[in-house]
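Engineer: Sharing a sequence plus its predicted fold:
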Amino acid sequence: MAGKPKLHYFNGRGRMESIRWLLASAGVEFEEKFIGTPEDLDKLKNDGSLMFQQVPMVEIDGMKLVQTRAILNYIATKYNLYGKDIKERALIDMYTEGMADLNEMIMVLPLCPPDQKDAKITLIRERTTDRYLPVFEKVLKSHGQDYLVGNKLSRADIHLVELLYYVEELDSSLLANFPLLKVISLTAFRREGSHFPPEVLTVGLRSHHCADLLGPGTPSRVSF
Ligand SMILES: N[C@@H](CCC(=O)N[C@@H](CS)C(=O)NCC(=O)O)C(=O)O
């Protein structure tokens, strides 16, 4: 039996977090090798493990995968979270890329120079409420199903829930006009469970009404 996937990244969300979410949702346990010092990163670079000298890197199925999107594509395909045909896959890709655009804006916010931060936050708010969330609310409303594509859990749903957590963290009022997304973002549970450590919160999500967003395996770590 193949060993657990091994995730090489810093001890933070960053570009690895969506990979953690996807694996956790597929019920796959994984190990994390945190890069704690510049020397740790140099070691990986020098031993040839990083194709482009960058992380995330995931050891899985005898490969050392790099490039976040390539890693996500592999996991989504392997665990059947990528639609039933190329049309569903195209939809999933479009939704996912839109989510990735907003996710990226939020992810790099801490790196923003202090004098530009307010303007960036204003832009994120606008993009969230005027460009990105309306798309997903409309999709859910239009077909009345629980999932974005094909009435079945796909990576698009998983990326969406992750994104909604970040939006909520930034400003929960941004979800005010998106009733269907509010349900999916598990706001109420999160409020009740906010004192739990992340692992418990993740387990708790499984018993929630959106439980099948997260599979039966216990992730080694998903941070919120
Ligand atoms: N396109 C790459 C970008 C990866 C990337 O920028 N990684 C950063 C950490 S988040 C890194 O490894 N920086 C170290 C370096 O470039 O030397 C991906 O999505 O994986």
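Structural biologist: Arrived safely, thanks for sending.

Engineer: correct me, but Q67 touches F52?
Structural biologist: Yes - between Q67 and F52 there is a contact under C-beta atoms under 8 Å: 7.3 Å. Any C-beta I mention is one placed from the backbone N, CA and C, and that applies to glycine too.

Engineer: of those two, who's got more company?
Structural biologist: Q67 (14 against 9; other C-beta atoms under 10 Å).

Engineer: Can I take it that V58 is in a strand?
Structural biologist: Yes - according to DSSP: H, G, I helix; E, B strand; the rest coil, V58 belongs to a strand.

Engineer: Quick check: it touching Q67?
Structural biologist: No - the criterion here is C-beta under 8 Å, and V58 misses it with Q67 at 10.1 Å.

Engineer: What residues of stretch 66-86 count as buried?
Structural biologist: By neighbour count on 16 or more other C-beta atoms under 10 Å, the buried set for stretch 66-86 is 66, 68, 71-76, 79, 81-83.

Engineer: Over to stretch 99-114?
Structural biologist: 99-100, 102-103, 105-107.

Engineer: Just put those residues in CSV and tack on pLDDT and distance to K182.
Structural biologist: Formatted as CSV, those follow (pLDDT from 0 to 100; distance: C-beta to C-beta, whole Å):
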residue, pLDDT, distance to K182
M99, 98, 17
A100, 97, 22
L102, 98, 17
N103, 96, 19
M105, 97, 21
I106, 95, 18
M107, 93, 22
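
Engineer: Could you tell me which of the residues you listed belong to helices?
Structural biologist: Within the buried residues of stretch 99-114, residues falling in helices by DSSP state H are 99-100, 102-103, 105-107.

Engineer: Format the residues you listed as a markdown table; extra columns: distance to the ligand.
Structural biologist: Listed next are those as a markdown table, based on distance: C-beta to the nearest ligand atom, whole Å:
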| residue | distance to the ligand |
| --- | --- |
| M99 | 14 |
| A100 | 10 |
| L102 | 16 |
| N103 | 12 |
| M105 | 15 |
| I106 | 14 |
| M107 | 9 |
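
Engineer: Just the CA atoms of stretch 106-120, as CSV, please.
Structural biologist: Provided in CSV are the C-alpha atoms of stretch 106-120 (Å, rounded to 0.1, in the frame of the first residue of the first chain):
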residue,chain,number,x,y,z
ILE,A,106,-6.6,37.6,-0.1
MET,A,107,-3.5,35.4,0.3
VAL,A,108,-1.0,38.2,-0.6
LEU,A,109,-2.7,40.8,1.5
PRO,A,110,-0.3,40.3,4.4
LEU,A,111,2.6,41.1,2.0
CYS,A,112,1.1,44.3,0.9
PRO,A,113,3.0,47.5,2.0
PRO,A,114,1.1,49.2,4.8
ASP,A,115,0.3,52.4,2.8
GLN,A,116,-1.4,50.3,0.1
LYS,A,117,-3.3,48.0,2.4
ASP,A,118,-6.6,49.9,2.7
ALA,A,119,-6.9,50.3,-1.0
LYS,A,120,-6.2,46.6,-1.5
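
Engineer: circling back: so which of the buried residues of stretch 66-86 belong to strands?
Structural biologist: In strands, defined here by DSSP state E, the members of those are V66.
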